[in-house]
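J.: Below are the sequence and a predicted model for it; my questions follow.
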Amino acid sequence: MRDPNNPCLFCNIKESGVSKENNLAYASYDSYPVSKYHCLIIPKRHIKNSFELTNEELIACNDIIKIVQKEIIEKDNKVKGFNFGTNIGSVSGQSIFHCHFHLIPRRDGDVDNPQGGVRSVIPNKQHYKRKK
């Protein structure tokens, strides 16, 4: 099995596939999508995580995120929300150690109970009751 970190999959834009790009970042559809049109936003510079991004790179990623989000909604009017985030470090689930953001389209009924959203990364923390 190929190691996506050696050489880095995301440093090879042609291999990753480009949906959109600007000078500092690009978007690629995820090879193992959580939902249809699950997209990755990837800075072109090889860095491990988003804490290492320059302000310019962060803005470039954000510009791509907004373009892709709009395109996804235009492609699929059933998309009613998104999960957006990044994994930083192997303990968080990061498996490719080149910074990237996940933009995951969500549709009504795609899970029984979406409460907690990204909190479900720790399953017993997803569903909670609010304190009064």
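T.: Cool, got the structure. Values in this document were obtained by computation on a predicted structure and should not be read as measured data.

J.: which residues does the one residue sitting closest to the centre of the chain contact?
T.: Nearest to the mean C-alpha position of the chain, by Cα atoms, centre = their mean, lies residue 102 at 0.6 Å. With contact taken as Cβ atoms under 8 Å, 6 or more residues apart in numbering, residue 102 is in contact with 30, 34, 38, 39, 40, 83, 84, 85, 86. C-betas here are computed from N, CA, C, even on glycine.

J.: Over to residue 27?
T.: Contacts of residue 27 (Cβ under 8 Å, 6+ apart): 18-21, 39-42, 64-65, 67-68, 103.

J.: Those in helices, which ones?
T.: Within these, residues falling in helices by DSSP state H are 64, 65, 67, 68.

J.: Which strand residues bridge the residue nearest to the centre of the chain?
T.: Here residue 102 sits in beta bridges with residue 40, residue 85, going by DSSP bridges.

J.: Tell me how far it lies from residue 23.
T.: In this view, residue 102 and residue 23 are 22 Å apart by Cβ to Cβ, to the nearest Å.

J.: And residue 92, by the same measure?
T.: Residue 92 sits 28 Å away from residue 23, going by Cβ to Cβ.

J.: just to revisit the earlier point, what subset of the contacts of residue 102 is buried?
T.: Buried members of the contacts of residue 102, scored by 16 or more other Cβ atoms under 10 Å, are 38, 39, 40, 83, 86.

J.: Please tell me how far the second one sits from residue 1.
T.: This means residue 39. To residue 1, residue 39 is 24 Å away according to Cβ to Cβ.

J.: How about the third one?
T.: Distance of residue 40 to residue 1, given as Cβ to Cβ: 20 Å.

J.: Show me the shaky parts of the chain.
T.: For the chain, the stretches with pLDDT under 70 are 15, 119, 121-128, 130.

J.: list the buried ones in stretch 82-95?
T.: Under the neighbour-count criterion of 16+ other Cβ under 10 Å, stretch 82-95 has 82, 83, 86, 87, 88, 94 buried.

J.: sorry, back to before: buried only: go through the contacts of residue 27 for me.
T.: Neighbour counting with 16+ other Cβ under 10 Å marks 19, 20, 21, 39, 40, 41, 42, 64, 65, 67, 68, 103 as buried within the contacts of residue 27.
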